[in-house]
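# sequence and computational prediction follow.
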Amino acid sequence: MANQDSPNMVPPSPNQPQQIVIQNRHSGGLFWRILAAIGWLGLFFCVAIILGQAISSANYYNTTEGVSEKYFSGSKTASDKIAVINVTGVIMEGQGYVRKQIDLVREDKDVKAIVVRVDSPGGTVTGSDYILHHLKKLKEERDIPLVVSMGAMATSGGYYVAMAVEDEENSIYAEPTTTTGSIGVIIPHYNVSGLMEEYHIEDDSIMSHPRKQMLTMTREMSEEHRGILQEYVNQAFTRFKDIVKEGRPAFEKDPEKLDVLATGEIFTANQALANGLVDQIGFIEEAIDRAAELADIDPKKSRVVTYEEPVALFDLGFAQSQAMSFDKMLEMTAPKAYYMSSYLPPIVSSFPFGSR
């Protein structure tokens with residue numbers, strides 16, 4: 001017997017389809033969330049573009065490219081600075097690390113004196129002259145003294161750069177074991193025609209004029225071409241000696257003495273001192289003291305700073321991407337005159353330890 005209190009249950013008609021209605025209560029909220037996400041994404045890209053342009057603009061006008069100042073010696077709290085500019089390695093160009101240091105010193109009004117630390121066998125004529133020019137320009141613009149401290153080697157183009165001291169007395173310091181001198185010019189040339197003949201290789205180059213191949217390695221150099229190149233070397237050599245006379249005024253009065261020394265010969269520190277190529281034998285500390293004396297500041301109350309170049313991932317070890325690149329290889333094989341002291345060909349001397 002059915003319970004009379006229970007409601008009447010009417011079963012659905014078997015022919016009537018059951019309808020299920022799903023209400024999307026959040027459809028409007030989802031739309032606005034998607035729209036907001038798109039807006040934030042667009043804002044992010046806009047900010048990224050603006051920052052990228054700002055960084056690009058800053059890098060465009062930034063000539064120091066990450067070179068940073070580092071404490072070297074002296075007082076850590078002093079405002080007066082003595083800047084050490086490093087010229088190291090084979091000088092292939094002058095617009096790299098050395099130029100960046102020069103630009104930093106030029107803008108830093110706290111720098112009262114400069115010590116140029118030279119540890120270089122020299123390099124290209126153009127690169128050496130570029131560095132010399134900008135060091136002399138820096139000294140003149142800032143009107144501050146410049147002293148040179150020679151490291152293990154300051155030969156040929158390295159000695160050329162040291163002439164930035166001009167006529168300042170007691171301004172070139174060589175360490176007891178420094179090698180210097182090698183005043184001269186060289187254009188490397190090698191004749192491999194015999195080797196080519198042995199392997200049946202023939203140079204069949206097409207050129208606009210025979211002089212275009214004056215420095216080719218594939219044949220013996222003619223006397224005409226040798227004479228042309230010798231004149232080129234002579235002019236570069238004359239400039240080298242003129243620059244030395246500016247930095248060593250005694251040779252201006254006695255040029256014959258310079259001619260005796262300017263044979264490409266290298267000298268020990270004692271020999272260089274005896275011949276007037278350097279002023280003092282001493283370490284970088286003595287050079288710093290001399291720079292402070294010329295600037296009329298107390299070296300103990302001055303901060304000596306040097307400058308470090310940022311090391312990129314590919315610059316570690318022998319993985320120097322720039323030095324290993326094909327275009328750099330081609331550049332080093334191009335005919336150039338060198339102020340350099342080395343028994344190795346310039347292409348070997350500068351690879352992969354290229355100048356800075």
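Structure received.

# which residues touch Phe237?
Gly184, Val185, Ala262 (CB atoms under 8 Å, 6 or more residues apart in numbering). (Glycine included, C-beta is placed from N, CA and C.)

# hmm, 6 Å instead?
Neighbouring residues of Phe237 by CB atoms under 6 Å, 6 or more residues apart in numbering: Val185.

# buried set for the helix or strand it falls within?
Using DSSP states H and E, Phe237 sits in helix 223-247. For helix 223-247, burial by neighbour count (16 or more other CB atoms under 10 Å) applies to His225, Leu229, Tyr232, Ala236, Phe237, Phe240, Lys241, Ile243, Val244, Lys245, Glu246, Gly247.

# which is the next helix or strand following it?
Downstream of helix 223-247, the first helix or strand assigned by DSSP H and E is helix 249-253.

# what mean pLDDT does the following helix or strand past that next one have?
Downstream of helix 249-253, the next assigned helix or strand under DSSP H and E is helix 255-261. In this model, helix 255-261 has an average pLDDT of 98.

# quick one: helix 255-261 to chain centroid distance?
Taking CA atoms, centre = their mean, to the nearest Å, one finds helix 255-261 lying 33 Å from the centre of the chain it belongs to.

# then it to CSV, C-alphas only?
The C-alpha coordinates for helix 255-261 follow below in CSV (Å, rounded to 0.1, in the frame of the first residue of the first chain):
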residue,chain,number,x,y,z
PRO,A,255,121.1,62.6,-34.5
GLU,A,256,124.1,60.5,-35.4
LYS,A,257,123.9,58.9,-32.0
LEU,A,258,120.4,57.9,-32.7
ASP,A,259,121.4,56.5,-36.1
VAL,A,260,123.8,54.2,-34.3
LEU,A,261,121.1,52.9,-32.0
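
# OK, contacts around Asp259?
Counting by CB under 6 Å, 6+ apart, Asp259 has no contacts.

# try it again at 8 Å.
Applying CB under 8 Å, 6+ apart, the residues near Asp259 are Lys241.

# please enumerate the strands of this protein.
Taking DSSP state E as the criterion, the chain contains strands spanning 68-74, 81-88, 111-120, 122-124, 146-155, 172-174, 179-181, 266-268, 280-281, 303-308, 338-340.

# now do the contacts for Val148.
Applying CB under 8 Å, 6+ apart, the residues near Val148 are Val115, Val116, Val118, Ala154, Ala162, Ala164, Val165, Ser171, Ile172, Tyr173, Ala287.

# that one and Asp204: what is the separation?
50 Å (CB to CB, to the nearest Å).

# does Phe240 touch Tyr339 like I think?
Yes. Contact criterion CB atoms under 8 Å: Phe240 and Tyr339 qualify, at 6.4 Å.

# mutual contacts of those two, please.
Shared contacts of Phe240 and Tyr339, defined by CB under 8 Å, 6+ apart, comprise Tyr160, Gly184, Val185.

# got those residues as a markdown table, with distance to Tyr307 and neighbour count columns?
As requested, the shared contacts of Phe240 and Tyr339 are arranged in a markdown table below (distance: CB to CB, whole Å; neighbours: other CB atoms under 10 Å):
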| residue | distance to Tyr307 | neighbour count |
| --- | --- | --- |
| Tyr160 | 22 | 29 |
| Gly184 | 31 | 21 |
| Val185 | 30 | 22 |
